[in-house]
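> Next input, structure requested:
(one chain, ligands or ions: 2)
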Amino acid sequence: MAISKISLKAEVLDANAPVANEINRYLSERGVFCVNVIGGAGAGKTSALIGIIKRLGLPNVHVIEGDIAGDIDTETLRKLGVVAYQLHTNGECHINAPTMKEILRENEPKEGSILYVENIGNLVCPAEFVIGEHRKMLVSSAPEGSDKPYKYPHSFEVVQAVVLTKADLAPYVKFDRAYYDKGVHALNPTAPIFETSAAQDTGFEAVAEWILAERKKLSLD
Ligand SMILES: Nc1nc2c(ncn2[C@@H]2O[C@H](COP(=O)(O)OP(=O)(O)OP(=O)(O)O)[C@@H](O)[C@H]2O)c(=O)[nH]1
Ligand SMILES: [Mg+2]
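Ligands and ions are numbered 1, 2, ... in the order given. Sure thing, here's the model as predicted:
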């Protein structure tokens, strides 16, 4: 039973990868830099995106909001003037490449833009699926606990940056920053950890600068 589950998972991931490569080529040819934002439910992904987008400006930004149900985050972003598209995963715990391809067919991102994709909130499945992104960014929050890298290692391994948010709450939840950093660095020695707070609107400049620098590395700016 366990073996057939594993082979089914491998099959699903194998089928996903070529579509993700196709999307990556499509986006790169259009000069669109795509960041796949993953993180637990309620970690602060949408709030972090707002903080980043405020720093980078609206004109060349698109957001795909992945949800199981509803369009609350999409509406929040639209009210702020962000061009946001709603993607529903029909109950799936992650966005996959075919679904991403479908939404891109219906909503072509503007050439030269930055496309953020807010994935479904959980620390497991979104880490496994590539969807054509250039970078994966993890939003991880202090109240989730400093043990998260140790319990959900894959989410910390596959990303190129970690946004440690809700820093304003760290003193109230006994967040152990040294323990957290040790766990993150053991799994991922190169990813920067950006400390932010959406409540205090702090730390997002550095994240925005990182995004622009990563885009430049790929000559997509
Ligand atoms: N104190 C504090 N609260 C925050 C911060 N960032 C987000 N929140 C709050 O945390 C809750 C969840 O924030 P969201 O940005 O919606 O989180 P999310 O990860 O997008 O949530 P889902 O899309 O539902 O998975 C909201 O009540 C926010 O106001 C922060 O930096 N500090
Ligand atoms: Mg959200």
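> mind checking how far S197 is from P149?
For S197, the distance to P149 (C-beta to C-beta, to the nearest Å) stands at 20 Å. For the C-beta atoms, the positions are set from N, CA and C on the backbone; glycine is no exception.
> Now look at stretch 203-220 and say if it contacts ligand 1.
No - against ligand 1, stretch 203-220 shows no contacts by C-beta under 6 Å from any ligand atom, the least distance being 8.9 Å.
> Mind listing what's buried along that stretch?
For stretch 203-220, a neighbour-count test (16 or more other C-beta atoms under 10 Å) marks 203-204, 206-208, 210-211, 214-215, 220 as buried.
> And stretch 127-146, by the same measure?
Neighbour counts over stretch 127-146 (16+ other C-beta under 10 Å) mark 127-142, 144-146 as buried.
> Among those residues, which are located in strands?
Secondary structure from DSSP state E places 135-141 of those in strands.
> relative to strand 135-141, how tilted is the strand or helix carrying I50?
For I50, the host element (DSSP states H and E) is helix 45-56. Here helix 45-56 runs at 120 degrees with respect to strand 135-141, directions being taken by axes from the mean of the first three to the mean of the last three C-alpha atoms, to 10 degrees.
> Would you mind measuring from whatever residue of the chain ends up closest to ligand 2 to H154?
Relative to ligand 2, the nearest point of the chain is T46 (3.4 Å; C-beta to the ion). Separation of T46 from H154 (C-beta to C-beta) stands at 23 Å.
> Check S140 too.
Going from S140 to H154 by C-beta to C-beta gives 13 Å.
> Now do stretch 145-163: distance to the chain's middle.
12 Å (C-alpha atoms, centre = their mean, to the nearest Å).
> what residues does the chain put near ligand 1?
The chain comes close to ligand 1 at residues 39, 41-47, 73, 121, 165-166, 168-169, 197-199, as judged by C-beta under 6 Å from any ligand atom.
> Tabulate the ones in strands among the buried residues of stretch 127-146 (CSV), appending pLDDT.
Putting these into CSV (pLDDT from 0 to 100) gives the following:
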residue, pLDDT
R135, 98
K136, 98
M137, 98
L138, 98
V139, 98
S140, 98
S141, 98
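> can you tell me which helix in the protein is longest?
Scanning the chain for the helix with the most residues, using DSSP state H, yields helix 2-29.
> Spatially central residue for this protein, please.
Taking C-alpha atoms, centre = their mean, the centroid of the chain lies closest to V37, which sits 0.6 Å from it.
> Next up, identify which helix or strand that residue is on.
Per DSSP H and E: V37 is located in strand 33-39.
> Report pLDDT for the closest residue to ligand 1 within the chain.
Residue nearest to ligand 1 within the chain: G121 (2.7 Å; C-beta to the nearest ligand atom). Looking at G121, its pLDDT reads 98.
> Ok, D176 next?
D176 carries a pLDDT score of 98 in this model.
> Kindly report the same for the one 10 residues further on.
Here, the pLDDT recorded for A186 equals 98.
> Skip the chain neighbours and tell me the closest residue to it.
In space, and not counting its chain neighbours, A186 is closest to P149: 7.6 Å by C-beta to C-beta, 6 or more residues apart in numbering.
> Could you do G31 as well?
Going by C-beta to C-beta, 6+ apart, G31 has G112 as its nearest residue, at 4.5 Å.
> Shouldn't that neighbour be within a helix?
No - counting by DSSP: H, G, I helix; E, B strand; the rest coil, G112 falls outside a helix, being coil.
> That one: neighbouring residues, count only.
Other residues near G112 come to 13 when the count uses other C-beta atoms under 10 Å.
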